[in-house]
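[1] Could you work out the structure for the sequence below:
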Amino acid sequence: MRSAKVIGALVLGAAGALQLAAARVDRRPPAAPVAGTVTRAIAANTTVGAQLLVVGVSGSEPAFTAMTAELDRIGTPYTTVTTAAPLSPSALSDGAGHGNFNGIVLASCGRSTSPDAGTMAALTDYATHYAVRTACLFSHPDATTGLGTPTSVDTRATPLTLTYATAGKALFGAYATTTSLDVGGVDATVAPIADAGSTTPLLVDAGGNAAAAIHRASDGTELLVLTFDQAPGAPHTRQLLWGVLGWVTRGVYIGEKHAYLGAQVDDLFLGTVTRSGPIYRLSSDDLQAAARWQQQTQATAVSSGVRLTFAFNGSEVTDSDGLTQAARSVGQQFQWVSHTFDHHRLDTADYARMTQELTENDAVMQKYMFGPYDRASLVTPDISAIGNAQVLQASADFGIQRIICDGSQSNCRGSIPNTGLPNPLVPALLMIPRIANNLYADVSTPAEWTDYYGTLHGGQAYTIDQILDSESDTLLGYLLDGNIDPLMFHQANLRLYDGSHAVLTDLLDRTLAKYAALRVLPVASLTMEEIGQRMLDRSQRATAGVSATIQPGQSITIHATAAARVPVTGANGAGAEHDGAFVITRADVPAGGDVTIPLAPADDATGVAGGGHKVGAAAGGASSGCGCRTVPPGRGLDLLVILLACAAGLWLARPRGGGPGARTTA
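    Residues are numbered from 1 along each chain as shown. This next block holds a predicted model:
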């Protein structure tokens with residue numbers, strides 16, 4: 001079969017399907033078609049479910065595991081199928097114009113580990129009928145996908161270095177596509193493009209051979225292939241799978257992904273016994289240098305949202321203290337949260353002692369007003385008292401709603417990524433997992449770090465550059481994964497060890513430089529309040545019975561059996577967030593009700609909602625004609641009226657002579 005008849009869906013070309021034209025707000029002139037593009041009208045009443053179908057043979061393939069983990073992190077619904085028996089067409093659609101999936105992902109294809117012929121046939125028929133795209137995460141290059149004779153590459157010995165071809169640059173709007181991408185530790189092949197009329201390269205090696213490409217068959221079906229394997233945690237997999245999700249869903253999916261960097265610096269205003277012996281307490285120069293570093297970091301677009309959080313102890317704050325005065329001078333640039341008054345370990349403290357700790361520390365902030373202060377969040381000293389009911393209740397009674405816990409402990413984090421847990425003793429307190437790292441509390445200079453690092457690694461000698469390289473790789477992984485958990489650091493880490501540098505800012509600089517070489521999506525530093533709210537939203541919708549239906553090119557309708565806030569990437573409702581190359585609407589869905597949101601305009605060349613890199617220039621937060629509309633249970637006729645009204649309104653509101661990219665909002 002032709003790449004199992006080359007499963008996938010056509011890009012609706014610039015001319016587009018006639019029934020979708022009324023829903024397009026962007027009336028730009030048609031882009032030149034990508035090789036092999038075929039336009040085909042889709043029946044006006046056709047809808048698809050907003051979930052992916054992930055297909056493997058055993059379900060243990062590395063690519064299968066990596067893709068489902070990525071979807072879990074983003075919060076995108078999916079169904080998995082392992083093909084011990086052929087897949088039935090009835091599992092794919094109801095046969096009456098509604099398909100169950102808006103994208104198909106194969107763990108492998110064209111190999112011995114590919115799904116059986118019956119399953120591939122059913123998937124091909126489904127993709128053809130519903131214009132659904134397919135991606136194959138580990139494909140064998142051959143003529144059925146427009147590729148020539150493949151060459152095997154040993155990426156375990158030497159990484160395979162790839163660059164983004166022109167089409168790859170247009171498609172991967174979140175990626176820094178002017179730099180290369182290394183593939184390592186997996187089986188890989190590359191192949192020349194044999195049929196330029198049907199196959200477009202996305203990633204190529206130094207010789208121009210393709211390692212990722214889109215093949216468009218004569219019937220309009222569309223398949224994205226990667227010719228190298230994936231693995232959970234592999235850098236190339238962390239980099240690419242999000243882009244695969246965006247392409248295969250045409251940029252419309254439940255869930256959201258951001259790059260978070262929540263650096264929390266504990267113990268401000270206290271001293272720390274350092275690795276070399278003396279106690280070190282930050283000076284006013286140290287804190288002012290941290291403020292200058294943050295300003296310089298924010299001057300770069302990709303890191304403009306980076307902001308340190310200080311967990312402070314007020315027991316040594318005085319009017320005559322230089323550090324106190326520096327904090328009053330530059331503190332508005334940072335975020336602030338209580339770390340208790342005197343850093344007393346609280347495992348055996350009682351209700352009265354905890355109330356005193358919180359009250360006295362709060363009084364310091366109210367007097368000096370250092371900066372933006374999250375009074376309802378708490379970092380306990382040494383992450384203590386998580387099991388002390390008196391301390392926890394005193395905290396809740398004081399007004400604390402969120403408390404840090406040790407992210408390495410199983411009783412701290414939920415089974416769903418980017419969620420916390422209610423404390424089992426005082427459920428009113430949300431426990432937020434925090435990630436420890438190998439920049440230790442008592443390290444204030446490179447010499448102290450190399451000494452301690454070597455001691456903890458069996459006496460092996462490390463240079464500071466080696467340590468920074470290794471530890472920044474770890475932090476980079478959190479950024480690429482979209483991990484929202486804050487990171488733990490300490491005040492001594494900000495010491496100016498040479499008059500201008502600190503080990504913490506050295507580490508963050510190295511991490512952000514690596515990130516900027518891979519992504520252009522801005523990094524965000526959230527407050528604990530914002531982190532807690534997003535964690536609560538994610539936990540709530542996991543049990544709210546959320547489902548959604550997409551009217552291709554027009555709108556998405558979300559339903560929930562219990563009230564939930566549901567983020568939709570590629571939907572442009574009222575108050576939509578424009579985050580780099582993405583448009584995200586967070587819809588508040590009532591229990592048993594529906595919310596309908598118009599989709600962001602699709603880019604003509606890629607067929608992806610939001611238009612790749614172009615979205616960043618869109619009108620910020622504007623709704624394209626229709627905002628979110630809530631429909632009570634049993635009001636299906638009203639929903640139809642709303643959809644028709646939306647389509648008519650957008651048609652009447654279309655720009656007339658406004659030039660390329662002109663937009664209007666109702």
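[2] What is the neighbour count of Gln356?
    If you count neighbours by other Cβ atoms under 10 Å, Gln356 ends up with 16. (C-beta placed from N, C-alpha, C; glycine too.)
[3] Can you name the next helix or strand after the helix or strand it falls within?
    Element membership for Gln356, per DSSP states H and E: helix 351-368. Scanning forward in sequence from helix 351-368 by DSSP H and E, the next helix or strand is strand 373-378.
[4] tell me what that following strand is packed against?
    strand 335-338, helix 351-368, strand 402-406, helix 528-542 (3 or more Cβ pairs under 8 Å, 6 or more residues apart in numbering; DSSP states H and E).
[5] One more pass at 6 Å, please.
    strand 335-338, helix 528-542 (3 or more Cβ pairs under 6 Å, 6 or more residues apart in numbering; DSSP states H and E).
[6] Turn the ones you listed into a markdown table, columns for distance to Leu181 and mean neighbour count.
    Below are those laid out as a markdown table (distance: least, Cβ to Cβ, whole Å; neighbours: other Cβ atoms under 10 Å):
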| stretch | distance to Leu181 | mean neighbour count |
| --- | --- | --- |
| strand 335-338 | 34 | 25 |
| helix 528-542 | 29 | 20 |
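[7] who touches the helix holding Gln356?
    Contacts made with helix 351-368 from outside it, assessed by Cβ atoms under 6 Å, 6 or more residues apart in numbering, are listed as Gly314, Val317, Arg328, Ser338, Thr340, Phe341, Tyr373, Gln390, Val391, Ala394, Phe398.
[8] Now the residue most central in space within the chain: which helix or strand?
    Residue closest to the average C-alpha location in the chain (Cα atoms, centre = their mean): Lys257, at 2.2 Å. For Lys257, there is no helix or strand it lies in under DSSP H and E.
[9] dump the residue contacts of it.
    Ile74, Trp242, Gly482.
[10] Skipping adjacent residues, who's closest to it in space?
    Gly482 (4.4 Å; Cβ to Cβ, 6 or more residues apart in numbering).
[11] ok, now how distant is that neighbour from Ala50?
    19 Å (Cβ to Cβ, to the nearest Å).
[12] Of the two, which one has the most company?
    Ala50 (27 against 21).
[13] beta partners of Ile584?
    Thr569, Glu577 (DSSP bridges).
[14] so it touches Thr569, yeah?
    Yes: using Cβ atoms under 6 Å, Ile584 is in contact with Thr569, at 5.3 Å.
[15] Quick check: neighbours shared by the two?
    Going by Cβ under 6 Å, 6+ apart, residues that sit against Ile584 and also against Thr569 are Glu256.
[16] more neighbours, the two?
    For the pair Ile584 and Thr569, the greater number of neighbours falls to Thr569 (26 against 21), based on other Cβ under 10 Å.
[17] wait, the more buried one sits on Thr249?
    No: the pair Thr569 and Thr249 does not pass the contact test of Cβ under 6 Å, sitting 8.5 Å apart.
[18] Roughly how far does the residue nearest to Ser547 when sequence neighbours are not counted sit from Val568?
    Leaving aside its sequence neighbours, Ser547 sits nearest to His559 (Cβ to Cβ, 6+ apart; 5.2 Å). His559 is 13 Å from Val568, where distance means Cβ to Cβ.
[19] More neighbours: which of those two?
    Val568 (28 against 18).
[20] In this model Ala542 seems to touch Ile416, though I could be wrong.
    Yes: between Ile416 and Ala542 there is a contact under Cβ under 6 Å: 5.4 Å.
[21] about what we covered before: out of the helices and strands packed on strand 373-378, nearest to Thr158?
    helix 528-542 (40.0 Å; Cβ to Cβ).
[22] In the sheet, which strands lie alongside whatever helix or strand comes next after that closest one, parallel or antiparallel?
    The helix or strand immediately downstream of helix 528-542 is strand 547-551, counting by DSSP H and E. When pairing is defined by DSSP bridges, strand 547-551 lines up against strand 47-49 (antiparallel), strand 555-559 (antiparallel).
[23] Just the mean pLDDT for the shortest one, thanks.
    Along strand 47-49, the predicted confidence averages to a pLDDT of 96.
[24] Let me know the closest of the contacts of Lys257 to Gly277.
    Once Cβ to Cβ is applied, the member of these that ends up nearest Gly277 is Gly482, at 40.5 Å.
[25] Would you check how far apart the closest one and Leu508 are?
    18 Å.
[26] now Val317
    The value you get for Val317 to Leu508, if Cβ to Cβ is used, is 26 Å.
[27] Could you check which of the two has the larger neighbour count?
    Leu508 (24 against 21).
[28] Tell me if I am right that that one is in a strand.
    No: per DSSP: H, G, I helix; E, B strand; the rest coil, Leu508 lies outside any strand segment and is helix.
[29] related to what we said a few turns ago, between the helices and strands packed on strand 373-378, which gets nearest to Ala513?
    Across those, closest to Ala513 is strand 335-338 (Cβ to Cβ), at 23.1 Å.
[30] Can you give the contact residues for that closest one?
    By Cβ under 6 Å, 6+ apart, strand 335-338 touches 307, 309-311, 361, 370-374, 377-379, 527-528.
[31] quick one, helices of the stretch 401-550 of the chain?
    Taking DSSP state H, counting those that start in this stretch as the criterion, the stretch 401-550 of the chain carries its helices at 446-456, 464-481, 503-516, 528-542.
[32] The second one - what's its average pLDDT?
    Put plainly, it is helix 464-481. Helix 464-481 comes out at a mean pLDDT of 97.
[33] Tell me the buried residues in that helix?
    The neighbour-count check on helix 464-481 (16 or more other Cβ atoms under 10 Å) flags Ile467, Leu468, Glu471, Ser472, Leu475, Leu476, Tyr478, Leu479, Leu480, Asp481 as buried.
[34] the bottom helix or strand of this structure by mean pLDDT?
    Within the chain, no helix or strand scores below helix 18-21, which has a mean of 29 by mean pLDDT, DSSP states H and E.
[35] hmm, who's touching stretch 526-534?
    Gln335, Val337, Asp374, Ser377, Arg402, Leu430, Ile432, Ile484.
[36] Which two of the residues you listed have the greatest separation?
    Among the contacts of stretch 526-534, Gln335 and Leu430 lie farthest apart (Cβ to Cβ), at 17.7 Å.
[37] now the end-to-end length of stretch 417-429.
    By Cα to Cα, to the nearest Å, the extent of stretch 417-429 from end to end equals 19 Å.
[38] How about residues contacting it?
    Residues from elsewhere that reach stretch 417-429 (Cβ under 6 Å, 6+ apart): 72-73, 389, 392-393, 396, 403, 414, 430-432, 484, 535, 538-539.
[39] To be precise, which single item in those residues has the lowest pLDDT?
    Scoring those by pLDDT puts Gly414 last, at 87.
[40] Name the nearest residue to that residue, sequence neighbours excluded.
    Nearest to Gly414 is Leu421, by Cβ to Cβ, 6+ apart, at 5.3 Å.
[41] beta partners of the one you found?
    Met431.
[42] Kindly give a single PyMOL line that selects the buried subset of the contacts of stretch 417-429.
    Remark: buried members of those, expressed as a PyMOL selection using 16+ other Cβ under 10 Å:
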select buried, resi 73+392+393+396+403+414+430+431+432+484+535+538+539
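[43] The residue nearest to Pro567 when sequence neighbours are not counted: what's it in contact with?
    What sits nearest to Pro567 in space, not counting adjacent residues and going by Cβ to Cβ, 6+ apart, is Glu256, at 4.1 Å. Shown in contact with Glu256 (Cβ under 6 Å, 6+ apart): Pro567, Thr569, Ile584.
[44] nearest to Pro446, of these?
    For these, the nearest to Pro446 is Ile584 (40.3 Å; Cβ to Cβ).
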